[in-house]
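Participant: Need a 3D model of the sequence below.
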Amino acid sequence: MTFYVVLVLLVGVERLAELVVAVRNKKWAVERGGREYGAGHYPFMVVLHTALLAGCIAEAFHRPFLPWLGWPMLVLAVAAQVLRWWCIRTLGHQWNTKIIVVPGMPLVTGGPYRYFAHPNYVAVVVEGFALPLVHSAWLTALVFTVLNAGLLTVRIRAENRALATV
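Facilitator: Residues are numbered from 1 along each chain as shown. I've put the predicted structure just below:
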């Protein structure tokens, strides 16, 4: 159980690192005329992702570690982090937790973006079920996945509309 709590806390630290990068990148984008889109759903996204981490820890106290499930889910959770940071590195200053478009910047088509349009959201989806299931927190995985599906529907539509302005 201690390993799992540490794992979830490390993911929380990773999220804080993302926010540091996002604030720095937002400043960069705004200095170049960047405009934010779809801000209305952002607070819900923050609450949902925070609840994922809290739910993982809370539910794990009531669930066993099942090696046949936990180890493969750990591999997927780590793979999701690798994909997320590949996206962040590929987008560079254009990456953000918010939807911010800088006029005149070309769409990024390298890295994981050469394979599909929204690879960061693949990382979010995989992490959303894999991280809880590392310690059999199936209820957290289910609730997050359902709520995240609705959120991503709104977010991807907003992002696609914003990118269409480029």
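Participant: List the residues that contact the most centrally placed residue in the chain.
Facilitator: Taking Cα atoms, centre = their mean as the criterion, Val124 is the residue nearest the geometric centre of the chain, at 4.0 Å. Counting by Cβ atoms under 8 Å, 6 or more residues apart in numbering, Val124 makes contact with Ala80, Arg84, Asn148, Leu152. The C-beta positions use only the backbone N, C-alpha and C, and glycine is treated the same way.
Participant: Downstream of the helix or strand containing it, the next helix or strand is which one?
Facilitator: In this assignment (DSSP states H and E), Val124 forms part of helix 119-133. Next helix or strand after helix 119-133 toward the C-terminus (DSSP H and E): helix 138-163.
Participant: same for that following helix, what does it pack against?
Facilitator: When contacts are defined as 3 or more Cβ pairs under 8 Å, 6 or more residues apart in numbering; DSSP states H and E, helix 138-163 packs onto strand 35-37, helix 42-60, strand 99-101, helix 119-133.
Participant: buried sites along whichever strand or helix holds Leu19?
Facilitator: Assessed by DSSP H and E, Leu19 sits inside helix 2-31. Neighbour-count burial for helix 2-31 flags Tyr4, Leu7, Val8, Val11, Gly12, Glu18, Val21, Ala22, Asn25, Lys26, Trp28, Ala29 (criterion: 16 or more other Cβ atoms under 10 Å).
Participant: Not including adjacent chain positions, what is the nearest residue to the fifth one?
Facilitator: Closest residue to Gly12 in three dimensions, ignoring its sequence neighbours and counting by Cβ to Cβ, 6 or more residues apart in numbering: Leu53, at 5.2 Å.
Participant: The first one too?
Facilitator: In this structure, Tyr4 finds its nearest non-sequential neighbour in His135, 4.4 Å apart by Cβ to Cβ, 6+ apart.
Participant: Leu48 contacts Leu147, doesn't it?
Facilitator: Yes - using Cβ atoms under 8 Å, Leu48 is in contact with Leu147, at 5.7 Å.
Participant: Please report how far Val78 lies from Leu10.
Facilitator: Applying Cβ to Cβ, to the nearest Å, the value for Val78 to Leu10 is 10 Å.
Participant: by how many degrees do the helix or strand Pro72 falls within and helix 2-31 diverge?
Facilitator: Using DSSP H and E, Pro72 falls within helix 67-91. Counting by axes from the mean of the first three to the mean of the last three Cα atoms, to 10 degrees, helix 67-91 lies at 20 degrees to helix 2-31.
Participant: In terms of secondary structure, what does helix 67-91 contact?
Facilitator: helix 2-31, helix 119-133.
Participant: closest one to Thr165 among those helices?
Facilitator: Evaluated over the helices and strands packed on helix 67-91, closeness to Thr165 peaks at helix 2-31, with 13.7 Å, by Cβ to Cβ.
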